[in-house]
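**Student:** task: produce atomic coordinates for the following.
(one chain, ligands or ions: 3)
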Amino acid sequence: MEITASHPLALPVGVTLDRYIMHRQTAFPYATGELSQLLRDIALAGKIIHREVNRAGLIDLTGGMGIQNVQGESQQKLDMIANIRFSRALKNGGEACAIISEEEEEIIYTGNNHAKYVVAMDPLDGSSNIDVNVSIGTIFSIYRRVTPIGTQPTMADFLQGGRRQVAAGYILYGSSTILVYSTGHNANGFTYDASLGEFILSHPDIQCPADGQIYSCNDGNLDDYEPGVQAYLSACRRKKYTARYIGSLVADFHRNLLKGGIYLYPPTKKNPDGKLRLLYEAFPLAFLAEMTGCVATTGQQSILDIKPDSFHQRTPLYIGSPVMVENLVGFLA
Ligand SMILES: O=P(O)(O)OC[C@H]1O[C@](O)(COP(=O)(O)O)[C@@H](O)[C@@H]1O
Ligand SMILES: [Mg+2]
Ligand SMILES: [Mg+2]
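**Tutor:** Numbering: from 1, shown residues only. Ligands and ions are numbered 1, 2, ... in the order given. Next comes the predicted model:
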């Protein structure tokens, strides 16, 4: 029997992330490869965290550290491991001159002052789900620095505003591990094939359904929510929409992005400005939302139009299918 290229065992594995990045880079004659390398460094750290997440229960990576981060939240071991792994990959990769992380109060200087880019990151999103084997993620946002190359980066490099992001994305560690990112044109998803050690293009040019029937919010805070939000949620219930809330922003966003839906984290008594952080949760997902036809708002303005003034500031977040978000905004008006 002759084995041809179409034989099931000879079929192509698909487009790897590396090959996709290279291909995209050729589309931009002025591209110098630094952003491509930075994306590869993030993918590498993602592969390592994929490995740690998958064996967290076996190597005592579950549980807290007994210390609190700048948010006043107890830091989980995996929060810190992810923070170390991503910081190290960005330091060694040489393309990021500084990092803002959920797990550290101040700027992390990588020493790569020659580098053009800065990264804001949520190394491990959905920390409350780490110990219970529920999907968690990593969120990242990339800016071209505004301070001169060769100098020490400053706050200004990080507080440029969501529309100045040159790339953003997330890695979802779920039943499979998927990297979804955009460099400002469209958004693509790459599923990790651990047997090859490669991210493979699995979700090209993701487009969010204009409408949906899934709503995601912490119902336990219902009494805290403003009347407009409560009215919107009871309208969802009346319409027999499906309530789905994983408690990991990345996982809830990803599901709604593919199926159509809305994620809400309104202001609460505990978090009058909302819980989620602007620089490394809301801005990057709002950037992706813009590329996939979703909408991201505070209820009053587009998330991407917020003028940031501090590294760990919070914001209300309503994000998802445009018809649903506009409907919600109608209730808030
Ligand atoms: O437990 P709550 O109040 O519903 O909050 C859940 C939300 O908080 C987060 O866990 C915050 O992110 P971190 O886990 O990175 O701190 C989101 O992922 C999630 O959507
Ligand atoms: Mg988070
Ligand atoms: Mg986190």
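
**Student:** wait, isn't residue 159 in contact with residue 308?
**Tutor:** Yes: when contacts are counted by Cβ atoms under 8 Å, residue 159 is listed as touching residue 308 (4.6 Å). Every residue, glycine included, has its C-beta placed from N, CA and C.

**Student:** count the residues that sit near the residue of the chain found nearest ligand 2.
**Tutor:** Scanning the chain for the residue nearest ligand 2 gives residue 125, at 3.4 Å (criterion: Cβ to the ion). As a burial measure, residue 125 scores 29 neighbours (other Cβ atoms under 10 Å).

**Student:** list the contacts for it?
**Tutor:** Counting by Cβ atoms under 8 Å, 6 or more residues apart in numbering, residue 125 touches 136, 137, 138, 139, 170, 248, 249, 250, 281.

**Student:** walking through this protein, point out its helices one by one.
**Tutor:** 17-26, 34-54, 77-93, 155-158, 227-238, 249-259, 283-292, 322-332 (DSSP state H).

**Student:** so which of the ones you listed is the most surrounded?
**Tutor:** helix 283-292 (a mean of 25; mean count of other Cβ atoms under 10 Å).

**Student:** elements contacting that helix?
**Tutor:** For helix 283-292, the packing partners by 3 or more Cβ pairs under 8 Å, 6 or more residues apart in numbering; DSSP states H and E come out as strand 136-144, strand 165-173, strand 177-182, strand 187-193, helix 249-259, strand 295-297, strand 317-320.

**Student:** just send those back as a markdown table, with distance to ligand 1 too.
**Tutor:** As requested, the helices and strands packed on helix 283-292 are exported to a markdown table (distance: least, Cβ to the nearest ligand atom, whole Å):
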| stretch | distance to ligand 1 |
| --- | --- |
| strand 136-144 | 8 |
| strand 165-173 | 11 |
| strand 177-182 | 15 |
| strand 187-193 | 19 |
| helix 249-259 | 4 |
| strand 295-297 | 14 |
| strand 317-320 | 9 |
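
**Student:** of all these, which one is nearest residue 152?
**Tutor:** strand 136-144 (15.8 Å; Cβ to Cβ).

**Student:** tell me the angle the closest one makes with helix 283-292.
**Tutor:** If you take axes from the mean of the first three to the mean of the last three Cα atoms, to 10 degrees, strand 136-144 sits at 80 degrees to helix 283-292.
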